[in-house]
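Engineer: Let's see this in three dimensions:
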Amino acid sequence: MQRSKHLIVPIVATLILLGGCKEKSGLSPAARGGSAQVVEVIPIHRQDLAETINLVGSLQPNESAEIRAEVSGVVQSIQFDEGQHVAAGDVLLKIDDAELRAQLEQVAARFRLAELNVARSENLSQSRTIPQSEYDRARSEFAAAKAELEILKLRLGKTEVKAPFAGVVGARTISAGDFVNTTTAITRIDDLSRLKITFAVPERYLAKVKPGTMVRATTRGGGVEQFEKTIQGEVYFVSSTIDRDIRASEVKAILAEPDPVLRPGMFANVELVLDVRKQVLTVPEGAVLADARGVQIIVVAEKDGKKVARYVPVSTGLRNRGIVEVTPIGEELNDGTQVVASGVGALILFPGAALEPKPLREPFNQGL
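Structural biologist: Residues are numbered from 1 along each chain as shown. The predicted structure follows:
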């Protein structure tokens, strides 16, 4: 029994030693200081970076008006087709004006008589044949008849309902022979020469939104012919009040060169450009390492003719579509410096570790 105990001790020591060797052999080549760690790199470069927010908006026509008559009467004729393009001033509807024309003739006769009486009274007044009061009465009757004649001419002109601006006429609600008054909605006309988009901006971003702020509106259509359209635009209106229910303000923008497939009322995704930083240093988001030591990036440096890792403290700024603005702390980074572009949190790296740089794969190289 005594001999067996002496044999157990060397065997256990041997097993521990083998286990330690196996554990050591499991370390990566880079951690042992042996062969270089393969990493994907991309050069740091300067570019304009925009701060944006994504919102939901709705398309609107440039101008839109509900057409109503200014005088009551029976519709004599409708002079437009539904969906027709019309010019400003085109006659859309004619109301029967027979009664107004008769009244106009009656008032015109009274006006002519008043005009003759004024001329006669003026001659008699100069010769002092009639008192001044008679002459003043004749002039007053002439002025009243003239005003009444002008009123009837205006009312007669309003029996023709005209387009207030160029646009597309919508569906009509009446037919010839219907009686219309000033509250009857005849049709709607929309100016589609350009489109507007309206959306709500949260109050925390309002300080950066003003007339001239750029927007990108994206609309999608389904059905047989699916499409996706992205149009640039510019803010022209920011509401001076904030809706207390949603804590946001209404903002409107004009879209440049709208596509004919777009229609007022369509839903749109709005990308609002809040700020543009000019020519800042940028890296992919995957290149940023944040740990207890702070925010860092790993750049490829030269040491004794070999590629090694160098940790550079940075502060981050704007982020947009996988790209991050970085500013080095305590040292300078040059445009074109190679940076480890992905997986920095998963790679076993340390300052001075040997690297074997490889270009970043294309799917992760978008926008750089």
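Engineer: gap between the most centrally placed residue in the chain and Arg293?
Structural biologist: Centroid check for the chain by Cα atoms, centre = their mean gives Val215 as the closest residue, at 4.0 Å. Applying Cβ to Cβ, to the nearest Å, the value for Val215 to Arg293 is 40 Å. In this view, the C-beta of every residue, glycine as well, is placed from N, C-alpha and C.
Engineer: can you check Gln226 too?
Structural biologist: 50 Å.
Engineer: now swap in Leu104 and tell me
Structural biologist: Distance from Leu104 to Arg293, by Cβ to Cβ: 93 Å.
Engineer: Which of these two has more residues huddled nearby?
Structural biologist: Set side by side, Leu104 and Arg293 show more neighbours around Leu104, with 18 against 9, by other Cβ atoms under 10 Å.
Engineer: Enumerate the positions of the longest helix belonging to the chain that are buried.
Structural biologist: In the chain, assigned by DSSP state H, the helix with the most residues is helix 98-126. Residues of helix 98-126 classed as buried: Leu100, Gln103, Leu104, Val107, Arg110, Phe111, Ala114, Asn117, Val118, Ser121, Ser125 (neighbour count, 16 or more other Cβ atoms under 10 Å).
Engineer: for stretch 67-75, same thing?
Structural biologist: Going by neighbour count (16+ other Cβ under 10 Å), the buried part of stretch 67-75 is Ile67, Ala69, Val71, Gly73, Val75.
Engineer: contacting residues around the third one?
Structural biologist: Right, the one you point to is Val71. Ile95, Arg155, Lys158, Thr159, Thr182 (Cβ atoms under 8 Å, 6 or more residues apart in numbering).
Engineer: neighbour-wise, which of those leads?
Structural biologist: Result: Ile95 is most packed of the contacts of Val71 (other Cβ under 10 Å), 21 neighbours.
Engineer: wouldn't that one be in contact with Val180 here?
Structural biologist: Yes: using Cβ atoms under 8 Å, Ile95 is in contact with Val180, at 6.9 Å.
Engineer: Does the residue nearest to the centre of the chain lie in a helix or a strand, and which?
Structural biologist: Here Val215 sits within strand 214-221, counting by DSSP states H and E.
Engineer: Need the CA coordinates for that strand. PDB is fine.
Structural biologist: This file holds the C-alpha atoms of strand 214-221, laid out as PDB (Å, rounded to 0.1, in the frame of the first residue of the first chain):
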ATOM      1  CA  MET A 214     -33.500  70.000 -46.300                       C
ATOM      2  CA  VAL A 215     -35.800  67.000 -46.300                       C
ATOM      3  CA  ARG A 216     -36.000  63.700 -48.300                       C
ATOM      4  CA  ALA A 217     -39.400  62.200 -48.800                       C
ATOM      5  CA  THR A 218     -39.800  58.500 -49.800                       C
ATOM      6  CA  THR A 219     -43.100  57.100 -51.000                       C
ATOM      7  CA  ARG A 220     -43.900  53.600 -52.000                       C
ATOM      8  CA  GLY A 221     -46.700  52.200 -54.100                       C
END
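Engineer: Counting by contacts, list what it packs against.
Structural biologist: Judged by 3 or more Cβ pairs under 8 Å, 6 or more residues apart in numbering; DSSP states H and E, the packing partners of strand 214-221 are strand 45-68, strand 227-238, strand 248-255, strand 267-284.
Engineer: could I get the ones you listed as CSV with distance to Ser193?
Structural biologist: Formatted as CSV, the helices and strands packed on strand 214-221 follow (distance: least, Cβ to Cβ, whole Å):
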stretch, distance to Ser193
strand 45-68, 6
strand 227-238, 14
strand 248-255, 11
strand 267-284, 18
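Engineer: Packed most tightly, which of the ones you listed would that be?
Structural biologist: Looking across the helices and strands packed on strand 214-221 with neighbours counted as mean count of other Cβ atoms under 10 Å, the highest average goes to strand 248-255: a mean of 20.
Engineer: next one: that one to chain centre, how far?
Structural biologist: The chain centroid and the centroid of strand 248-255 are separated by 7 Å under Cα atoms, centre = their mean, to the nearest Å.
Engineer: now it: mean pLDDT?
Structural biologist: For strand 248-255, the mean pLDDT works out to 94.
Engineer: can you check stretch 276-284 too?
Structural biologist: 86.
Engineer: Alpha carbons only: can I get that stretch in PDB?
Structural biologist: Presented in PDB, the C-alpha positions along stretch 276-284 are these (Å, rounded to 0.1, in the frame of the first residue of the first chain):
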ATOM      1  CA  VAL A 276     -24.400  68.800 -41.600                       C
ATOM      2  CA  ARG A 277     -20.900  68.500 -40.300                       C
ATOM      3  CA  LYS A 278     -18.400  69.400 -43.000                       C
ATOM      4  CA  GLN A 279     -15.300  67.100 -43.700                       C
ATOM      5  CA  VAL A 280     -15.200  65.200 -40.400                       C
ATOM      6  CA  LEU A 281     -13.200  62.100 -39.700                       C
ATOM      7  CA  THR A 282     -15.400  59.000 -40.000                       C
ATOM      8  CA  VAL A 283     -15.200  55.300 -39.200                       C
ATOM      9  CA  PRO A 284     -17.700  52.400 -39.400                       C
END
